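Engineer: Okay, structure incoming, though there's no sequence with it:
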């Protein structure tokens with residue numbers, strides 16, 4: 001109940017005014033229907049953005065892991081390896097790495113700043129490996145090798161899932177494009193011939209007396 005009250009308190013005044021005008025003009029039931037539709041669309045768009053963000057993070061994770069692993073094999077420390085990632089990688093995960101390094105530059109400990117990388121459950125193994133390497137000095141290359149294998153497997157599974165969903169997603173456009181053409185090429189000529197036959201039989205020459 002308190003969460004609902006807080007959410008209502010965050011609604012801007014203009015939305016309250018729009019709701020009041022809608023109740024006066026349309027009535028309470030249509031206004032509630034419109035408000036429900038707007039909220040449902042907003043919720044759907046938010047979920048869609050979240051799913052898209054997660055797909056981008058999980059797709060770029062293997063590349064980020066490879067860059068960190070290359071830095072670790074070259075003898076770089078965790079901050080230096082993350083600097084290389086922030087400079088050369090792209091995507092939301094690289095942006096999160098850049099934000100982590102900005103916090104480190106402002107004096108935050110690397111272990112504490114690494115919490116900013118926990119933007120998706122798929123990134124947790126990478127963050128744990130970096131934290132262990134920074135805090136306890138554990139070998140980073142071996143841990144990153146396992147993370148790289150797991151992240152590539154996850155990306156391959158996502159690609160397979162998208163490939164399986166593709167025929168279903170193409171079904172509606174295919175039907176929408178093929179059905180009108182089928183009607184025009186197959187049904188319309190038959191209907192025109194039938195109508196011509198009906199008109200010809202209706203208009204007969206009267207017999208000679």
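Structural biologist: Noted; the coordinates are in hand. Note that the structure is predicted; figures quoted are calculated from it, not measured.
Engineer: if I look at residue 106, how far off is residue 116?
Structural biologist: According to C-beta to C-beta, to the nearest Å, residue 106 and residue 116 sit 12 Å apart. Every C-beta, even on glycine, is put in place using the N, C-alpha and C of the backbone.
Engineer: same deal with residue 180?
Structural biologist: Using C-beta to C-beta, residue 180 is found at 52 Å from residue 116.
Engineer: now do residue 176
Structural biologist: Plainly put, residue 176 is 45 Å away from residue 116 if you go by C-beta to C-beta.
Engineer: who has more neighbours, these two?
Structural biologist: Per other C-beta atoms under 10 Å, whichever of residue 176 and residue 116 has more neighbours is residue 116, with 18 against 9.
Engineer: nearest spatial neighbour of the more buried one, skipping sequence neighbours?
Structural biologist: residue 100 (4.9 Å; C-beta to C-beta, 6 or more residues apart in numbering).
Engineer: which residues touch the one you found?
Structural biologist: Shown in contact with residue 100 (C-beta atoms under 8 Å, 6 or more residues apart in numbering): 82, 113-114, 116-117.
Engineer: Tell me the buried residues within these.
Structural biologist: 82, 113-114, 116-117 (16 or more other C-beta atoms under 10 Å).
Engineer: Tell me where the model's unsure across this protein.
Structural biologist: For the chain, the stretches with pLDDT under 70 are 1-39, 44, 179, 181, 183-184, 186-188, 190-191, 193-209.
Engineer: quick one: the helices in it?
Structural biologist: Listed in chain order, the helices of the chain (DSSP state H) span 2-9, 13-25, 28-73, 78-88, 92-105, 110-113, 124-136, 140-182, 188-202.
Engineer: Mind listing what's buried along the fourth one?
Structural biologist: Using 16+ other C-beta under 10 Å as the burial criterion, the residues of helix 78-88 that qualify are 78-79, 81-86.
Engineer: quick check, nearest of these to residue 164?
Structural biologist: residue 85 (32.0 Å; C-beta to C-beta).
Engineer: My read is that the closest one contacts residue 65, right?
Structural biologist: No: the criterion here is C-beta atoms under 8 Å, and residue 85 misses it with residue 65 at 9.3 Å.
Engineer: For residue 148, give its distance to residue 115.
Structural biologist: In this view, residue 148 and residue 115 are 22 Å apart by C-beta to C-beta.
Engineer: from memory residue 134 sits against residue 104, does it?
Structural biologist: No: using C-beta under 8 Å, residue 134 makes no contact with residue 104, being 10.7 Å away.
Engineer: shared neighbours of the two, which are they?
Structural biologist: Residues touching both residue 134 and residue 104 by C-beta under 8 Å, 6+ apart: residue 110.
Engineer: so who does residue 110 touch?
Structural biologist: With C-beta under 8 Å, 6+ apart, residue 110 has these contacts: 78-79, 104, 134.
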